[in-house]
Structure formats: C-alpha cells, structure tokens
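Visitor: coords please:
(2 chains)
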Amino acid sequence: MKGSNRSVEGRPLDDTALVERARNGDVNAYEALVQQYQELAFRVAFQVTGNAADAEDAAQEAFVNAYYALGRFRAGAPFRPWLLRIVANEARNRRTSAHRRTALMERALAAQSSGEAAPSPEVAAEADEFRATLIAALRRLRDDDRLVLAYRLFFDLSEAEMATALNCPRGTVKSRLSRALARLRSILPDEIRVPLSEGQRDG
Amino acid sequence: MADRARITDLELEGALRALGPRYPYPSTPNLAVRVRTRLAAPPVRPLPRRAPWGDPRRLALVAALLLLLIGTAALAIPGTRDAIAHFFHVQGVIVNRVPSPAPSLTPPTSLNLGRLTTITEAQAAVRFTIAVPAKLGPPDAVYVASGPPGGEVALAYTPRPGIPLVRQTGLGVLITEFRGDLIPGFISKEVGPGATAEEVSVNGDPGWWIAGEPHTILIRVSPDSSQLETLRLAANTLVWARGGVTYRIESDLSKADAMRIASSLP
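Guide: Next up, the predicted model:
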C-alpha cells in the first residue's frame, strides 16, 4: 500500500504526541493525523461502501466525529484502530442506503460474477481474471467478513488493533478471520485455482 | 495444472495478501483540508492525566459526580445557567440559549411531518435505515418528508397508559430521524431560561436532553438558505446522533424513560 502505514517503529509515539496536541485544540496537529490516515480511512470505507462518493463522505465524517470524540479517547491508546472503528461505522451507515439504491445493479453485477471495481472484461490474463473473481467474491461477503479480511490481509492490522477496530474481544479475532475465509471460499467458484504468478508458494 | 486440488485456506490467504497492494481503489480525496475547515471548536476537554487515585474508573466516577454537583449548583443560580451553554449542537441540530422565555405560539394546525405512509414505503424514500425503538414497537403513524437531503421520517405514537399526551403535538411520543450529517443546521432550537439542557450519552453516542418549559423549534427552509422558519414549541426532547443519522424523541416523559426508548433503538 502506498503511503505505508506499516512502519511500527516511531509511529505510535508520533500519533500519541499529535493526538495529545489535538485534544488540546491544536487543529494543525489533527490535520497532520488526517493527512497520515486519510488514505487508509478512505480505503477501509471503500471496502464497506463499494463506491467512492459514500466512502469519501464516510471518511470525512469519521475524521470530524473522531476529533470531537478525542476527549473520550484513552490517552496513549493507539489512534489508528480507534479511528477505523469510527470510519467503519460511518461507512456502514451509508452502505445501507447505498445498498438499497444500487441493489438491482449489484445483483446484476454479482450475476455476471463481476464487481464494481473489477477490471474490464477484455483483460484476459489469468492473474487478472483471478483477481477480478476474488474482488467480486469479496464484494458479496457481509461487511463484517470483508472488513476482517481487509484489516488483516490488506491493511496488516495486528490482532490487538483488529479487536479495537472491530469492537470485539481479542480472543475472537482469529476465529472471525477463519470464518470469513471459509465464507469467501464458499462463494468462490469450485474450479478456481491460484494462478502460478499469484499468492505465496510456500507449500 | 488443471488437476490441482481445490484452493486451500492458506493459498487463499496468500492470494488476498497479494491482492492488497493491487486492489483497484479510487484515488484518495484530500480530506485533510475539508476536515480542517469543519473543525470549529476544540474537542471536549479530557480528564486530567494524572490521577490522584490508582483506579481510573473510580476517578471517572468521582469526576462525573463532581460535574453533576457543579452542574446542578450552577443551574440553580439563574445568572450562571445561561452562561454555561449559549450554543451547542448535535449533528444537524443547533441549540441556542436565549434570555427570554419562548413566545406563546398558537397551537399548530399541522405538525408538518410530511406525507403519511408506511415504514416500508418510508424506508424506500430515505437514505438511512429507519430505526424503530423496540421499547415502543411499531408506530401508530409514519410520515416521510423528502425536503431535507437524505429524507426525514417521523414515527408517531398516540398517548397510552404510561405515555402522556403532549399538548404541543397532540401525540404521546414523536420520533424524528434524518441525516444530520448532510444538513448541519437543519433544525434550530431556542431554549429559554425556563428550560434545561443537559449533555447525555445514548449508548455511547453524544446527545442532549432538553426539558422543562417548551422550547421553540426553527427549521431551515431549504438546505441552501439561511432563512429559518419558526415551526412550533416543543416538549421535552432527547436529541442525539449516531453515525450520520440524527434522532429526536419528543414527549412529556421523564429523562429516564426517554433514554430507555432511545437505548432500545436497533
């Protein structure tokens, strides 16, 4: 992912300092936090809403709401998963309406085993087709399942971060993850195989 | 290769990991600037960092009690009450403290709730999930209005044992729901010296409880207009925001009863 949020070293301290300043009304500090996390927030929201306009709306609202909720934020706690929880809630709120609006369209897309974000059909390479199938299957998952998979496998959240972001006990993260994987597998066509160019070949 | 076994969980995990960096996201909008322009007031000040007691829960309890005491004391002194909160807001609702009591408006002939409909039809017309409180069950009447962006729905409950008649509405309980995030100043409320406004939390979501003397509700004529139209007087009101939706419960019920209804929203 671009703008790598993965570097664990240094980041928590920076966040903590910025959060502390923002809590005291320093808008510049908060703007720096928004800069740092806007891509992640937008992408997480997009995973839920499936469309850019609602994802943008949800991420923006989440940042504003998070700012006003900073007073309730436990000092020193990691900011990222706390923010994502707010983002996901905002996104879910919009997804319900967006879903209704586009229910017909989505059903049509699902029927042709294609997703909104899937590449054009003329892209025929095996790997591309495989990815398109995966994305389409992901989009048919329940929001919670898709989020679990995305947090872990796309955005590299730790188990502790996932527990905060999903608002669930840490002990249930693993089982949620494996249930989500199982559901994804059940949606994928039986004959799907990982192309040789994809995945980790460590077996 | 055609005979390879069905995809394993491990392979699927690996494939998803590989997909992550290639996922076709739309480009990220620049939210930082837009968010910044929306941050008017500093966040609610946190509790002091150094606790004189070991147990933070105990400290929080003591702090809450102190705040309650201070709040009650301040409200008891007429001069300071208005100084506490001249202005506050819940997403979509602006509440102004005004020095004079609410004017005596003639009882409304219509509540302007919109079109009488059913839950199913209302749901199709609004851009949020309509929440019906489990505590009250299905409403006696449902209204939908398409004026505000995202729509607005009103759930009306007639008076019944335990739910007194509200003179201002002719109803027992009136619940309105709308996308407060889409229209920041949709509703304004003017709260006079005879009414109290208290910050509350509904299942962790921020809100206000306005009670006592009826307060004036003003409604914005259109999303782009700053013109406000005086609507009517309102009874005890609990207003709070969850996600992008703002909820409002108007009744003559006690705060505890209103909170119970609010908490029973799915």
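Visitor: Please name the residues that touch the spatially closest residue to residue A:54 that is not a sequence neighbour.
Guide: Of all residues not flanking residue A:54 in the chain, residue A:94 sits nearest, at 4.2 Å (CB to CB, 6 or more residues apart in numbering or on different chains). (Glycine included, C-beta is placed from N, CA and C.) By CB atoms under 8 Å, 6 or more residues apart in numbering or on different chains, residue A:94 lies in contact with A:49, A:54, A:57-58, B:244.
Visitor: From those residues, pick the one nearest residue A:139.
Guide: Nearest to residue A:139 out of those is residue A:49 (CB to CB; 10.8 Å).
Visitor: Distance-wise, check the closest one relative to residue A:93.
Guide: Residue A:49 sits 10 Å away from residue A:93, going by CB to CB, to the nearest Å.
Visitor: just residue A:129 next, same as before
Guide: 34 Å.
Visitor: mind listing the helices for the chain?
Guide: If you meant another chain, say so; for now it's chain A. For chain A, the helices defined by DSSP state H cover A:11-23, A:27-49, A:52-68, A:79-101, A:103-111, A:126-140, A:143-149, A:159-166, A:173-187.
Visitor: not what I meant, chain B
Guide: Along chain B, counting by DSSP H, helices occupy B:9-19, B:31-38, B:56-76, B:78-84, B:119-125, B:255-263.
Visitor: and those, which one is worst for confidence?
Guide: Note on those: lowest mean pLDDT is at helix B:78-84, with a mean of 34.
Visitor: does residue B:201 have beta-bridge partners, and which?
Guide: With DSSP bridges applied, residue B:201 shows beta-bridge pairing to residue B:206.
Visitor: How many residues are close by residue 131?
Guide: All of this is about chain A. If you count neighbours by other CB atoms under 10 Å in any protein chain shown, residue A:131 ends up with 22.
Visitor: My question was about chain B, not that one.
Guide: 17.
Visitor: Excluding residues flanking it in the chain, which one is nearest it?
Guide: Nearest-residue entry for residue B:131: residue B:265, 4.4 Å, with adjacent residues in sequence omitted and distances by CB to CB, 6+ apart.
Visitor: Per the annotation, how does chain B divide into domains?
Guide: Using automatic domain parsing, the domain ranges for chain B come out as B:55-84, B:85-263.
Visitor: Pick out the shakiest of these, pLDDT-wise.
Guide: Taking the mean pLDDT of those, domain B:55-84 comes last: a mean of 45.
Visitor: Bridge partners for residue B:237, pull those for me.
Guide: Applying DSSP bridges to residue B:237 gives these bridge partners: residue B:210, residue B:250.
Visitor: for chain A, where's the lowest mean pLDDT among helices and strands?
Guide: Across the helices and strands of chain A, mean pLDDT, DSSP states H and E gives its lowest value to helix A:103-111, namely a mean of 42.
Visitor: what's the distance between the residue in chain A positioned nearest to chain B and residue A:67?
Guide: Closest residue of chain A to chain B, CB to the nearest CB: residue A:25 (3.0 Å). According to CB to CB, residue A:25 stands 10 Å off from residue A:67.
Visitor: then stretch B:163-171 to PDB, C-alphas only?
Guide: What follows is stretch B:163-171, C-alpha atoms only, in PDB (Å, rounded to 0.1, in the frame of the first residue of the first chain):
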ATOM      1  CA  ILE B 163     -47.200   7.800  27.800                       C
ATOM      2  CA  PRO B 164     -48.900  11.100  28.500                       C
ATOM      3  CA  LEU B 165     -50.400  13.400  25.900                       C
ATOM      4  CA  VAL B 166     -48.100  16.200  24.700                       C
ATOM      5  CA  ARG B 167     -50.100  19.300  24.200                       C
ATOM      6  CA  GLN B 168     -47.700  20.700  21.600                       C
ATOM      7  CA  THR B 169     -48.000  17.700  19.300                       C
ATOM      8  CA  GLY B 170     -51.300  16.100  20.200                       C
ATOM      9  CA  LEU B 171     -49.300  12.900  20.400                       C
END
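Visitor: Buried members of the contacts of residue A:94 into PyMOL, please.
Guide: To isolate the buried subset of the contacts of residue A:94 in PyMOL, counting by 16 or more other CB atoms under 10 Å in any protein chain shown, use the following:
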select buried, (chain A and resi 49+54+57+58) or (chain B and resi 244)
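Visitor: Make a markdown table from the contacts of residue A:94 and add distance to residue B:181 to it.
Guide: Conversion of those to a markdown table gives the following (distance: CB to CB, whole Å):
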| residue | distance to residue B:181 |
| --- | --- |
| A:49 | 14 |
| A:54 | 12 |
| A:57 | 8 |
| A:58 | 9 |
| B:244 | 4 |
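Visitor: quick one: furthest residue from the center of chain A?
Guide: Within chain A, the residue lying farthest from the chain centre (CA atoms, centre = their mean) is residue A:24, at 29.2 Å.
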